[in-house]
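In: Structure of the sequence below:
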Amino acid sequence: MKFDDFLQEVEFDVPPPAKFPRYHIRPRSCGVLTDKKLRSSVLAREELLERCATQEWPGVDVREFCENQGRGVIATQPFQKGEVIIDYHGKKIKKEVGQEIMNSTDENDRRSDYVFFGPYGYCADASAEHCVCHPQTRTLGRLFNFAAKGTTQCNVYPRYFVAEKQEKIIFVAARDISLLKELRFDCGDKNCQNISN
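Out: Now for the predicted structure:
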């Protein structure tokens, strides 16, 4: 079956684009990058750090949804349960600064939508569309929409990861994710476990 024929037969969360990009096959330098492999493979950890540094994450793209929801991230390739999808890329800030942002009473201040609190006092501010280290690249992990944990819409979960003294929050597939499914997580999930070792 041709890929274009496949697109016509499958039901998607979002309408398929008129011309689907041909980058749905992921490069496989160390095989599928999974949270389990990160615990045991130096090559997998190096690949993760490289993807975080370049912000080149195969298999994800941004879509505009309805007016109430705005933008979101979809899978442009299938992901296996446990596979690393993307990082939550933002400026590391002190937990207290994150709390100040969250407590802001200014209705026009949307930064609180992009503050992520991880374990061990880790806090990231991803309110900037383009970060200082990647001024030409949009960071996509910040655009995941909310879905309540335990629902079928909640298909990714966050994990805390440290390698070479670099702290990262990565998103991992909670189940097998099919093509063009929106990627969502529970932003109230306090179970962001350390998978470094």
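In: Am I right that residue 38 falls within a helix?
Out: Yes: applying DSSP: H, G, I helix; E, B strand; the rest coil, one finds residue 38 inside a helix.
In: Chain neighbours aside, what residue packs nearest to it?
Out: Excluding its sequence neighbours, the residue lying closest to residue 38 (CB to CB, 6 or more residues apart in numbering) is residue 44, at 5.2 Å. Placement of C-beta: from N, CA and C, glycine included.
In: What ranges does the protein have for its strands?
Out: 60-64, 71-75, 84-87, 91-92, 115-117, 123-125, 145-146, 156-163, 166-173, 182-185 (DSSP state E).
In: Around residue 99, count how many other residues there are.
Out: The number of residues packed near residue 99 is 12, by other CB atoms under 10 Å.
In: Equivalent analysis for the one 3 residues further on, please.
Out: Neighbour count of residue 102, defined by other CB under 10 Å: 13.
In: follow-up on the earlier one: to residue 136, which of the strands of the chain lies closest?
Out: When those are compared by CB to CB, strand 60-64 sits nearest residue 136, at 15.4 Å.
In: how far out from the middle of the chain is the closest one?
Out: How far strand 60-64 lies from its chain's middle: 11 Å, per CA atoms, centre = their mean, to the nearest Å.
In: Ok, stretch 59-74 next?
Out: That offset, for stretch 59-74, works out to 13 Å (CA atoms, centre = their mean).
In: and the end-to-end length of that stretch?
Out: 8 Å (CA to CA, to the nearest Å).
In: re the thing from before, roughly how far does the residue nearest to residue 38 sit from residue 117?
Out: 26 Å (CB to CB, to the nearest Å).
In: So those two - more neighbours on which side?
Out: Between residue 44 and residue 117, counted using other CB under 10 Å, the more crowded position is residue 44 (22 against 16).
In: check contacts around that one.
Out: 30, 33, 34, 37, 38 (CB atoms under 8 Å, 6 or more residues apart in numbering).
In: from those, which is closest to residue 130?
Out: Distances from residue 130 to the contacts of residue 44, taken by CB to CB, are shortest for residue 33, at 24.5 Å.
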